[in-house]
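Novice: when you get a sec, could you give me coordinates for this:
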Amino acid sequence: MAGTFTKLTLGPLLLAQGARTCRRALQLPEAAGPRQGLAGDAQAGASPLRLLIVGDSSAAGVGAPTQDEALAGQLAQALVRQLGQPVAWQLVARTGLTTQGAIAWLQERPPAPCDVVLVVLGVNDVLAQVPPARAVAEREALWHHLRERCRPRLCLWSAVPPLEQFPLLPWPLRSVLGHDARRLNEAQARWAVERGIMHVALPGTLPDWRPAVAEMAEDGFHPGPALYRRWGEALAALIAQRWQPAGPGLSAGAHLPTLALARRT
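Specialist: Residues are numbered from 1 along each chain as shown. A predicted model of the protein is given here:
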């Protein structure tokens, strides 16, 4: 209710700030390089873990020069180290995708079957002011599509990052968007537990978040290579904890906070 009152009261200011931010935002390209590959030694004898990453600009690696330095490459290499087996990864991502847009994008570019899927969506849902209830319904539709098409045994769904901390966004716009992101994360977390999906929470208030902000890309909105590396390592640790090659892919208790994401390694 407080968020709605704030939007009604500050509506003209928020709209003006949003338009001004869009005009002055630095438009960075997606990371260059292939959207699929094999990390690790394929001759080692172990079958590759099949990893699918679906998402928006952060999944696509905006803020990193190449996919090796972006989330896909960093996560695949970290999984090789964590699991001791090769990782066959594929990336289906595009700047600007909402959850609804991702469904259409996947229908046009059907991914191959996978063992583990990571979904990185939500920032554009918040920017587009998609209500949490509708956003969860769209996540349900996307999950059904992924489950039927790819048959993953383990699914991680990344939370929306703490938008109130993003350097690009002015106050009070950053405060309002941060509030919206938290509401979406709460709704997504409840839905994920019901579906046996790992909601990977990104806490907004951490004592060392400020150094993490310094590792963001020059646009003040996307991760830089160092932050992608730490994000990939944190996700790999979670996957290694839960991945069970000979049994069900997910053990009890699907909600895990990734406190490691904002810690230096």
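
Novice: quick one, what contacts G96?
Specialist: Residues near G96 by C-beta atoms under 8 Å, 6 or more residues apart in numbering: 56-57, 124. Every residue, glycine included, has its C-beta placed from N, CA and C.

Novice: out of the residues you listed, flag the one nearest to P65.
Specialist: For the contacts of G96, the closest approach to P65 (C-beta to C-beta) belongs to S57, at 14.7 Å.

Novice: which non-adjacent residue is nearest the closest one?
Specialist: Nearest-residue entry for S57: T95, 4.0 Å, with adjacent residues in sequence omitted and distances by C-beta to C-beta, 6 or more residues apart in numbering.

Novice: that neighbour looks like it's in a helix, true?
Specialist: No - going by DSSP: H, G, I helix; E, B strand; the rest coil, the assignment for T95 is coil, not a helix.

Novice: residue contacts, it?
Specialist: T95 makes contact with 30, 56-57, 60, 62, according to C-beta under 8 Å, 6+ apart.

Novice: phi, psi of it?
Specialist: Backbone torsions for T95, taken as degrees, to the nearest 10, come to phi -60, psi 130.

Novice: any weak-confidence spans in this structure?
Specialist: Where the chain drops to pLDDT under 70, the residues are 1-26, 43-45, 202-211, 245-265.

Novice: W157 versus the residue nearest the centre of the chain, what's the distance?
Specialist: Against the mean C-alpha coordinate of the chain, by C-alpha atoms, centre = their mean, the closest residue is V120 at 2.6 Å. According to C-beta to C-beta, to the nearest Å, V120 and W157 sit 8 Å apart.

Novice: Q74 against L227, yeah?
Specialist: No - contact between Q74 and L227 fails when scored by C-beta atoms under 8 Å: they sit 9.6 Å apart.

Novice: and the helix or strand hosting N185, what does it pack against?
Specialist: Assigned by DSSP states H and E, N185 belongs to helix 173-195. In terms of contacts (3 or more C-beta pairs under 8 Å, 6 or more residues apart in numbering; DSSP states H and E), helix 173-195 is packed against helix 2-24, helix 123-127, helix 132-150, strand 154-158, strand 198-201, strand 255-257.

Novice: next up, the contacts around G122.
Specialist: By C-beta under 8 Å, 6+ apart, the neighbours of G122 are 56, 99, 135, 158-160, 181, 184-185, 188.

Novice: re the thing from before, scan the contacts of T95 and report the most crowded one.
Specialist: Within those, neighbour counts (other C-beta atoms under 10 Å) peak at A60, which reaches 27 neighbours.

Novice: from the chain's centroid, how far away is stretch 30-37?
Specialist: How far stretch 30-37 lies from its chain's middle: 17 Å, per C-alpha atoms, centre = their mean, to the nearest Å.

Novice: can you pull out the residues in contact with that stretch?
Specialist: Contacts for stretch 30-37 (C-beta under 8 Å, 6+ apart): 57, 60-70, 72-73, 76, 88-95.

Novice: inside strands: which ones of the residues you listed?
Specialist: Judged by DSSP state E, the contacts of stretch 30-37 include 88-93 as members of strands.

Novice: Throw together a ChimeraX command that grabs the buried residues out of those residues.
Specialist: Of the ones in strands among the contacts of stretch 30-37, the buried ones go into a single ChimeraX selection, burial set by 16 or more other C-beta atoms under 10 Å:
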select :88,89,90,91,92,93
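
Novice: with distance to L177 added, can I get the ones in strands among the contacts of stretch 30-37 in a markdown table?
Specialist: Below are the ones in strands among the contacts of stretch 30-37 laid out as a markdown table (distance: C-beta to C-beta, whole Å):
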| residue | distance to L177 |
| --- | --- |
| A88 | 36 |
| W89 | 31 |
| Q90 | 31 |
| L91 | 26 |
| V92 | 26 |
| A93 | 21 |
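
Novice: nearest to A141 among the ones in strands among the contacts of stretch 30-37?
Specialist: Among the ones in strands among the contacts of stretch 30-37, and counting by C-beta to C-beta, the member closest to A141 is V92, at 15.8 Å.
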